[in-house]
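Q: Pasted the sequence and its predicted model underneath.
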Amino acid sequence: MLTQTLEDYLKAIYEIAQERGKVTTTALAERLGVAPATVTGTLKKLARLKLVVHRPYRGVELTEAGRKIALEVIRHHRLIELYLQQALGVPWDRVHDEAEKWEHVLSEELEDRIDELLGHPTHDPHGAPIPARDGTIAQPERVRLSELVPGQRAVIAEVSDHDPELLRYLGARGLYPRVAVQVLAKEPFGGPVVVRAAGREHALGREAADHIWVEEVRDRDGTAAAGAAR
Ligand SMILES: [Zn+2]
């Protein structure tokens, strides 16, 4: 059984790899709120346990064993978030911090009961896929909302769960997973992205638009559906 800290590292490595591809010591230090030197030391420990490999230029990568543990912790986290929201009515901006603690202590029996009670759910309240019991996980193609061009239509797939303030902001505007959006305009120099969603227009700051992942709506011929502005 790993310590909570080591489990958090494996989870962070998995998540950063999903978001940005390459996992650097700096990115890990930022995510975990610790000094880079601390990260280096802990990575050595994880490498000795054969859970990660750290190669120059390629960054940190999980081994098969490391990935398995990361996905198990992530499964706990996402099931707990959904349970807190659906069974206990905890708002979506407050479930993440609770799940951060519970994910390390959840027994396999309780995990199965929660999964059963929720009807074997596939996504957490923020739209993130829940890994299956066997460690498989759905990874559909997603882009950041800020990467779309005016005219393009998409469906919100997932929002970042790390900032409660952002979640309250998005929730107040009805910007939840599975909501359809269309980009109306995009200001240059990091200016706002104007979208239509849920029948209203919203000028989203670039920081918010960077933390919303969408699935592009494609025409039948497979090209991204875009207006004349493309
Ligand atoms: Zn979370």
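A: Structure received. Because the structure is a prediction, the values reported are computed rather than measured.

Q: Only C-alpha atoms from now on, for both contacts and neighbour counts.
A: Noted.

Q: just for the protein, where's the confidence low?
A: Applying pLDDT under 70 to the chain flags residues 219-230.

Q: Could you break it into its assigned domains?
A: What automatic domain parsing lists as the domains of the chain is 4-62, 143-216.

Q: Adding mean neighbour count and distance to residue 83, write the ones you listed out as a markdown table.
A: Compiled in a markdown table, those are given as follows (neighbours: other CA atoms under 10 Å; distance: least, CA to CA, whole Å):
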| stretch | mean neighbour count | distance to residue 83 |
| --- | --- | --- |
| domain 4-62 | 16 | 20 |
| domain 143-216 | 18 | 15 |
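
Q: For the helix ranked longest in the chain, which helices and strands make contact with it?
A: With DSSP state H setting the assignment, residue counts place helix 64-88 as the longest helix in the chain. Where contact means 3 or more CA pairs under 8 Å, 6 or more residues apart in numbering; DSSP states H and E, helix 64-88 is packed against helix 4-20, helix 95-102, helix 108-117.

Q: Please identify the buried residues of it?
A: Going by neighbour count (16 or more other CA atoms under 10 Å), the buried part of helix 64-88 is 66-85.

Q: quick one, which of the domains of the chain is nearest to residue 136?
A: Set against residue 136 and scored by CA to CA, these come closest in domain 4-62, at 13.5 Å.

Q: which residues of the protein fall in strands?
A: Residue ranges of the strands in the chain, as given by DSSP state E, are 52-55, 59-62, 143-144, 153-159, 180-186, 193-197, 200-204, 212-216.

Q: Need the ones you listed in TSV (columns: distance to residue 127).
A: Formatted as TSV, the strands of the chain follow (distance: least, CA to CA, whole Å):
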stretch	distance to residue 127
strand 52-55	27
strand 59-62	24
strand 143-144	14
strand 153-159	4
strand 180-186	14
strand 193-197	17
strand 200-204	19
strand 212-216	9
